[in-house]
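>>> Need a 3D model of the following:
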Amino acid sequence: MAPKIIFSICLVICFILLNSCANTNSGINKQDAVSTVRAPIEGIWTGEFDIGGKGPYDFTAVHIDGKAYAFSQRAKAMCVGTVNLDGENYISKYLLFELDGGPFDWATITGKFKEDNKITSHFVTLNGGDTGALNLAYNQIYDLPSSLTKTHGKWSYTDKEGLITEFFIEEVGTLIGHDSDGCKFLGYLEIINPAYNAYQVKVEIAACDSVDGEYEGVSFMANEQLNMHIANENYGLFFAFGPKIEGE
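Numbers count the residues shown, from 1 in each chain. Just a heads-up that it's a prediction; the model follows:
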């Protein structure tokens with residue numbers, strides 16, 4: 001069997017394992033949804049990393065119930081995986097995607113959780129052998145309450161290649177959308193915990209050739225921007241939606 005095929009199979013298996021591990025205590029736990037007590041590792045974390053001394057690159061991670069989604073716009077990468085905190089010992093395992101592209105490697109991040117809500121860590125990629133430092137700080141935008149009223153409306157995002165994606169999110173969280181390439185989107189947002197700024201997202205994409213399929217991920221509000229990152233075993237997709245202005 002060709003090495004490239006073997007590597008692709010390994011990536012798919014890794015993605016399935018990461019999701020199955022996280023889903024044992026992930027998803028929408030309705031019993032815990034009313035709790036205002038935040039686990040130390042949960043929330044939105046922002047910071048920077050370097051690769052072999054080159055950087056810095058931006059990094060934003062969302063940790064929810066043992067599951068982790070992250071992205072770096074400058075590095076054009078997105079990550080899906082798991083996160084765990086044992087005392088002060090922090091470990092996260094990620095499947096790495098090209099931003100708006102397919103998987104290309106996986107990484108293990110290990111470090112220390114500090115009492116001032118900061119994480120100092122190092123990572124290594126398992127296939128490429130890249131190493132670097134990653135420093136994160138808790139972002140208090142996570143402490144803002146979530147509400148489907150905030151996400152209701154028309155949203156638009158234009159990526160660096162000029163591809164325009166538009167979503168309409170209804171008051172109950174259902175969404176419908178399309179992009180300028182003719183891809184169709186149908187799905188929903190759901191509140192995870194009303195005390196915190198994060199939403200679970202599930203989307204089905206159709207009429208989009210190889211990108212067709214079911215995706216899931218997370219979304220959060222930053223100022224008036226709706227950040228959304230979703231993935232399946234084939235693609236990781238990132239959107240930084242802004243309110244669509246009527247007449248555009």
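>>> Only C-alpha atoms from now on, for both contacts and neighbour counts.
OK.
>>> For the residue most central in space within the chain, which residues count as its bridge partners?
Centroid-nearest residue in the chain: residue 69, 3.2 Å away (criterion: Cα atoms, centre = their mean). Note on residue 69: beta-bridge partners by DSSP bridges are residue 62, residue 80.
>>> Now do the contacts for it.
The contact partners of residue 69, by Cα atoms under 8 Å, 6 or more residues apart in numbering, come to 61, 62, 63, 78, 79, 80, 81, 217, 218, 229.
>>> do the same with residue 101
Shown in contact with residue 101 (Cα under 8 Å, 6+ apart): 234, 235, 236, 237.
>>> and the last one, how many neighbours?
The one in question is residue 237. Using other Cα atoms under 10 Å, residue 237 is surrounded by 22 other residues.
>>> can you check the first one too?
For residue 234, the number of neighbouring residues by other Cα under 10 Å comes to 18.
>>> next one: residue 183
Neighbour count of residue 183, defined by other Cα under 10 Å: 16.
>>> Torsion angles phi and psi at it?
When read as degrees, to the nearest 10, the backbone of residue 183 gives phi -70, psi 140.
>>> give the contact list for the residue lying closest to it once chain neighbours are set aside.
Closest residue in space to residue 183, ignoring its immediate chain neighbours: residue 208 at 4.7 Å, by Cα to Cα, 6 or more residues apart in numbering. Contacts for residue 208 were tallied using Cα under 8 Å, 6+ apart; they are 181, 182, 183, 184.
>>> again, but for residue 56
The contact partners of residue 56, by Cα under 8 Å, 6+ apart, come to 48, 49, 50.
>>> isn't there a helix covering it?
No. Judged by DSSP: H, G, I helix; E, B strand; the rest coil, residue 56 forms no part of a helix; its state is strand.
>>> Kind regards, and thank you for your time.
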